[in-house]
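[1] Coordinates for the following, if possible.
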Amino acid sequence: MKVSLMQCFLVSLVLAVLGFVITQQVSFEGQAPTMVALSLLISGIVTPWIASFIGTNKQSHSQASAPTTNHSADSSSDNVSTLYVGNLPYKANEAAVKAYFEDHIRIQSVRLMKDKKTGKRKGYGFIEVIDGDVEAIIGQFNDSVFQDRTLKVRPAKDKVTD
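    As a prediction, this is how the structure comes out:
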């Protein structure tokens, strides 16, 4: 969850104005409406950042503590290659893809790509293979049938950064 400073400020400003108007209607004496508005403004700015920070830490902690395969407890020293897998069924999930490949090769991870706006799968993904002969794996799985779809397996290209 990424939150920009401008979004935090706008939401905080709206909350502060609403808090001020509501406390004016209740007719507190003295500076109470101003203090409520100020506290809402500050908490509205700080809360999303704290939530984002906590969410990021939980996500990275859960990914670090989750085992990736049953084959190896410490695969960081193993040679890992990434393969592109295309023409995947849209209904396929990571577990099904991993199970399909894992019967024949050691898999470290499976990532299926999703559309950022809709959250639907795009029909392709990447698998990380541990200590495998990439050419033999491609020969074995390219044009193989998985859930009534003919897979296209290729070496993954390096990610292009802008």
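[2] Please work out how many residues are found near G132.
    If you count neighbours by other Cβ atoms under 10 Å, G132 ends up with 22. C-betas here are computed from N, CA, C, even on glycine.
[3] Was I right to think it contacts R106?
    Yes. Using Cβ atoms under 8 Å, G132 is in contact with R106, at 6.6 Å.
[4] first vs last residue of stretch 112-123, how far apart are they?
    Terminal residues of stretch 112-123 are spaced 8 Å apart (Cα to Cα, to the nearest Å).
[5] and what of stretch 137-154?
    9 Å.
[6] ditto for stretch 117-133
    End-to-end distance for stretch 117-133, by Cα to Cα: 36 Å.
[7] quick check, A99 in a helix?
    Yes. Judged by DSSP: H, G, I helix; E, B strand; the rest coil, A99 forms part of a helix.
[8] Can you give me the distance of it to K159?
    Using Cβ to Cβ, to the nearest Å, A99 is found at 26 Å from K159.
[9] So G132, which state does it fall into?
    Here G132 is coil, with the state taken from three-state DSSP.
[10] how about the nearest residue to it, chain neighbours excluded?
    Among residues not flanking G132 along the chain, I105 sits closest, at 5.1 Å (Cβ to Cβ, 6 or more residues apart in numbering).
[11] and the one you found, how many residues sit next to it?
    Applying other Cβ under 10 Å, we find 18 residues neighbouring I105.
[12] wait, it sits on I138?
    No. Using Cβ under 8 Å, I105 makes no contact with I138, being 10.9 Å away.
[13] Would you mind identifying the next helix or strand past the lowest-mean-pLDDT helix or strand in the chain?
    Least confident helix or strand, the chain: helix 32-65 with a mean of 62, by mean pLDDT, DSSP states H and E. Proceeding N to C from helix 32-65, the next assigned helix or strand is strand 80-86, under DSSP states H and E.
[14] just checking, what packs against that following strand?
    Counting contacts by 3 or more Cβ pairs under 8 Å, 6 or more residues apart in numbering; DSSP states H and E, strand 80-86 is packed against strand 121-130, helix 134-141, strand 152-155.
[15] My guess is L38 contacts V17. True?
    No. Taking contacts as Cβ under 8 Å, L38 lies outside contact range of V17: 11.7 Å.
[16] what about G139, distance to K157?
    From G139 across to K157, the span is 19 Å (Cβ to Cβ).
[17] Low-confidence ranges, the protein, go.
    Regions of the chain meeting the criterion pLDDT under 70 cover residues 1-9, 11-12, 15, 19-20, 22-33, 45-78, 160-162.
[18] Since that was my last question, I'll sign off now.
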